[in-house]
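Visitor: Next input, structure requested:
(one chain, ligands or ions: 1)
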Amino acid sequence: MKSAVIVFPGSNRDRDVATALKVATGIDPVFVWHADTDLPDVDLVVLPGGFSYGDYLRSGAIAARAAIMPAVAAHHARGGYVLGICNGFQILTESGLLPGALMRNAGLRFVCRKVKLSIERTDTAFTRTYRKGQVISCPVAHHDGNYFADPETLDRIEGNGQVVFRYAEGTNPNGSVNDIAGIADETGRILGMMPHPENLIADHQGGRDGLGLFAGLADLQPA
Ligand SMILES: NC(=O)CC[C@H](N)C(=O)O
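Guide: Below you'll find the model as predicted:
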């Protein structure tokens, strides 16, 4: 499985996700600078967490217009996979690759803690190593994680089963509608999520609940 991690000015979980991919799949991803216009031949593109462009304007809004983004959309259109974590999820909604928006946390504070996530779908490449309904731990670290979609869009994504992760056991840290923590697009090949599975892959991090997401990507085949 070949992957690329896009690096924006202000990305800070790019190396964390690269480590998770290496641990889970045995292969180092390629780092791609945001100003490039071409991607290497890869199966998966990762938009990592961080504070691209200092979160100016809106989190992810400037990165969504980066030179590399048309290539990311074309990669998906060709059958490729895309994973956006935290700031990466914000970039995916800002670029229109995923529906909805990530608003300021309901409590108006940056939250950095572990939450519980329920696995709503196991028929995606990202979640196939988990059990449906399984509850895992995962850290969050964001100030703009409050997922919102208008009622019509929400009905559509709920009806299509596009919600992949929900905050469980009363741990919704940001006010996200329907406790939504992560969604897929209609093809299931794009996943955006606010929590950071790449930061829970080793015992010294307090557990390995996040590792399954990357392990599921190990034998990714082009769709
Ligand atoms: N950890 C992150 O990716 C942070 C995301 C974003 N900059 C926020 O704080 O909302």
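Visitor: and P139, helix, strand or coil?
Guide: strand (DSSP: H, G, I helix; E, B strand; the rest coil).
Visitor: Could you tell me how many residues sit around it?
Guide: As a burial measure, P139 scores 20 neighbours (other C-beta atoms under 10 Å). From N, CA and C alone the C-beta is placed, and that goes for glycine too.
Visitor: who's it bridged to?
Guide: K114 (DSSP bridges).
Visitor: My guess is it contacts P195. True?
Guide: Yes - contact criterion C-beta atoms under 8 Å: P139 and P195 qualify, at 6.5 Å.
Visitor: Identify the contacts common to the two.
Guide: Both P139 and P195 are contacted by V115, under the criterion C-beta atoms under 8 Å, 6 or more residues apart in numbering.
Visitor: Quick check, R109 in contact with D144.
Guide: No - using C-beta under 8 Å, R109 is not in contact with D144; the gap is 11.4 Å.
Visitor: Compare the two (neighbour count), which wins?
Guide: D144 (21 against 11).
Visitor: how far away is the more buried one from S52?
Guide: 12 Å (C-beta to C-beta, to the nearest Å).
Visitor: Common neighbours of those two, please.
Guide: Joint contacts of D144 and S52 (C-beta under 8 Å, 6+ apart) are S59.
Visitor: For this protein, which residues are neighbours of the ligand?
Guide: Counting by C-beta under 6 Å from any ligand atom, the chain comes close to the ligand at G49, G50, F51, D55, S59, C86, N87, A141, H142, H143, D144, G145.
Visitor: hey, what's the second one bridged with?
Guide: Here G50 sits in beta bridges with S11, as judged by DSSP bridges.
Visitor: pLDDT wise, what is it at?
Guide: For G50, the pLDDT comes out at 98.
Visitor: for the chain, which helix is longest?
Guide: Criterion DSSP state H: the longest helix present in the chain is helix 14-25.
Visitor: Give me the average confidence score over that helix.
Guide: 97.
Visitor: Then stretch 157-165?
Guide: 98.
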